[in-house]
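Colleague: Kindly generate the corresponding structure for this input.
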Amino acid sequence: MIKPILVLCIAFLATGAFHNTQASDRAGTTRQVVVYRSGEVKAFALGVNAGNATVATVCGSDIALQFQETARSSLPLSAPGTSSLDVDIVVLCRADDLSVATINYSSQVNPAGSLSVAPTQVANLMSGDAVTVSFVVTASQSTNEDRSVTINREGGSYMGGQGTGLYFGSIPAAAAIAWLSVPRSTFGNGELPTPPASGTVQPGTQQDLGLFCRDHPDDALCDALSDSGITAGEVATIIDAVSPQSTTALPTTVNQLSTTQLANVGARMADLIGGHGGGFSASGLNLVDGTQVMPLGDLLSSLAAIEDENEERRTLMGGTRWGYWLNGNIGRGERDATIGNTGFTFDNFGLTSGVDYRIKDNLFIGVGLGYARLESEYSGNEGGLDGHAMALHGYGLYVWESQVSLDASVSWSRGSFDQNRSMEVIRTLVGVPQGDAFGSTNTRQLSGALGLSWTYRADTWTLMPQLQYEFIRANIDAFAETGCATGGGPNYCLSYPGQHLVTRSLAFGGYVDRSFATQTGTFRPYLNVLWFADSGTQARRLVANFVSSLAPIGVVVDEPDRHFGTAEAGLAFRRPIGARTVDFNVGVMSVFGETGFRQWAIRGDLRIPF
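Modeller: You can find the predicted model right below:
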């Protein structure tokens, strides 16, 4: 009695130990199973290296089947990757009249759904003395938690003999006879050890930085990210510090300069539509503080008339066929940071001057030359971008007798931009000497605008529907930053690819006013509303490279708003002074419907013809 009791105790203890050992202990673990003719089944855990028992041709008279299972796995699995988890089954002996012996095996993943494993498999122990059940385990992505795959014996059956000597029974199930551990990955398929903080952390950069650290685990940046004491906020800050997100401000600012120049030319053509064609015009000069705009108006207009033109013609057409004009702006703006785009504030200055010629009373052509400058600061004291550009313009205008007018302009500009990117985060959180990054690039732009309007007057009302189309094609040269590596340390400067961007926009709306005549002058309350539909560059992935290793580091650039509008309401005043009139108006303008951009403006015009 002692021997059977001892065997059962060993089996019980082995079974309990089996369920509590670590995953690394599963490789090579062997379990032996004895199936008796009577239906009794006994299992024994034999230890790590207890395989290779002698195979007997025929079992003893009371045993139907005896076999052993050995767990075997390939190298430890890291994600992404594929490994295998096998169960080697060796038949030690069979009864000479045994005819059926099959076992079902299945896999189980913990936590569920995080790995891909082969389905249930069947082992036929009558097919040979050695049978292997193999499960392929695939991890498509890494996680920050440990995972495991276990193989379970779902049970089986056996049968032998015939007639009155027939015997049969079932082979019982056993849980976790093999186990493969999938450890959490410090740096896997773009996943960092600590979940990033919510906000504007760049997901494209997060993925690329994870891959970079998987290939460069000893890099100082990766050492900092794998520190167990790092916080989620610090991870997000480091991601933003090495992201190429700063350069997403380039297309916006380049287009800002071009749009400003087109607006200056448009202001001149608006003067021509209003009949102020000759002499000197400064109607486009503006002062802007970011939310307030104050044009200085038509401060000076030369209306020197040629001898064969009457007073009315002098007043309406400006006196001569030649017109000299100067428009400018000084402004400030702000754009919020979003996922995929850096936030920044900017100050810009633009000046455009030109000359036009009145071929006929209703036909004008002209050329202009413009200069624009912009200074910006990235949000969070992360650096800034400065640039300047020169532009050459050509334009024309035609007005039909029906008061329908068509204007067109085309512009070519060339600019130069300097970017500085702060590396203070690398110095403080990563703890390596690193200078700020500096880079310069050149830009080229071709832009054009087409406008169609119709002026309708009925009694004291004026209505002018408007339709505008604008096209901007910009090329930004590739460039590389310098100044990062100091004292022979790592270099986290970036090399940026060239960018080719096309923006198209269509605006439609209308202007309406009503005149009220008084002894003092004529008052005209007015409203001007435009709605813009933009079909510019779509959401895209911008991939830069670390200068030192050429490893890619990208950012997913968010798609900008496609629709927004402007509305301006104000009051105009006209007072006659001799044969001339003085025009003055003041209005409030607001931009609406554009996410992350807020602007309102107070605009005023003053026109003094003489």
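
Colleague: Correct me if wrong: D356 contacts I365.
Modeller: Yes - counting by Cβ atoms under 8 Å, D356 touches I365, with 6.4 Å between them. Using the backbone N, CA and C atoms, a C-beta is placed for each residue, glycine as well.

Colleague: so what's S416 bridging to?
Modeller: H388, N442 (DSSP bridges).

Colleague: Just the pLDDT at the residue nearest to G435 when sequence neighbours are not counted, thanks.
Modeller: Distances taken as Cβ to Cβ, 6 or more residues apart in numbering put G483 closest to G435, at 4.5 Å, once the chain neighbours are dropped. With respect to pLDDT, G483 has a value of 88.

Colleague: In contact with G483, which residues are there?
Modeller: 435-438, 493 (Cβ atoms under 8 Å, 6 or more residues apart in numbering).

Colleague: From Q419, how far out is it?
Modeller: Between G483 and Q419 the distance is 11 Å, computed by Cβ to Cβ, to the nearest Å.

Colleague: Give me the common contacts of the two.
Modeller: The contact sets of G483 and Q419 overlap at 437-438 (Cβ under 8 Å, 6+ apart).

Colleague: between D356 and I365, who's got more neighbours?
Modeller: Legend: neighbour count by other Cβ atoms under 10 Å for D356 and I365, higher for D356 (25 against 13).

Colleague: Just list whatever residues bridge to that one.
Modeller: In this entry, D356 is beta-bridged to G323, G366, by DSSP bridges.

Colleague: for the one 4 residues further on, same thing?
Modeller: In this structure, K360 has beta-bridge partners L363, where bridges are defined by DSSP bridges.

Colleague: in the stretch 101-250 of the chain, which spans are strands?
Modeller: 116-117, 121-124, 130-139, 147-160, 167-171, 174-182 (DSSP state E, counting those that start in this stretch).

Colleague: Repeat that for the stretch 451-600 of the chain.
Modeller: Counting by DSSP E, counting those that start in this stretch, the strands of the stretch 451-600 of the chain are 456-458, 461-476, 479-480, 494-496, 499-514, 516-517, 522-534, 540-546, 552-557, 563-577, 580-592, 600-607.

Colleague: For G448, which residues are in contact?
Modeller: Neighbours of G448 in contact, by Cβ under 8 Å, 6+ apart: 408-411, 470-471.

Colleague: thinking again about what came up before, how about the strands of the stretch 101-250 of the chain in TSV, adding distance to S447?
Modeller: Formatted as TSV, those follow (distance: least, Cβ to Cβ, whole Å):
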stretch	distance to S447
strand 116-117	52
strand 121-124	66
strand 130-139	50
strand 147-160	55
strand 167-171	80
strand 174-182	55
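
Colleague: In JSON lines, list those strands along with distance to G370, mean pLDDT and mean neighbour count.
Modeller: Listed next are these as JSON lines, based on distance: least, Cβ to Cβ, whole Å; pLDDT from 0 to 100; neighbours: other Cβ atoms under 10 Å:
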{"stretch": "strand 116-117", "distance to G370": "60", "mean pLDDT": "83", "mean neighbour count": "15"}
{"stretch": "strand 121-124", "distance to G370": "75", "mean pLDDT": "92", "mean neighbour count": "15"}
{"stretch": "strand 130-139", "distance to G370": "58", "mean pLDDT": "86", "mean neighbour count": "17"}
{"stretch": "strand 147-160", "distance to G370": "62", "mean pLDDT": "89", "mean neighbour count": "20"}
{"stretch": "strand 167-171", "distance to G370": "88", "mean pLDDT": "91", "mean neighbour count": "17"}
{"stretch": "strand 174-182", "distance to G370": "62", "mean pLDDT": "81", "mean neighbour count": "21"}
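
Colleague: Drop anything exposed from the contacts of G483.
Modeller: Buried members of the contacts of G483, scored by 16 or more other Cβ atoms under 10 Å, are 435-437, 493.

Colleague: Among those residues, which lie within strands?
Modeller: A437 (DSSP state E).
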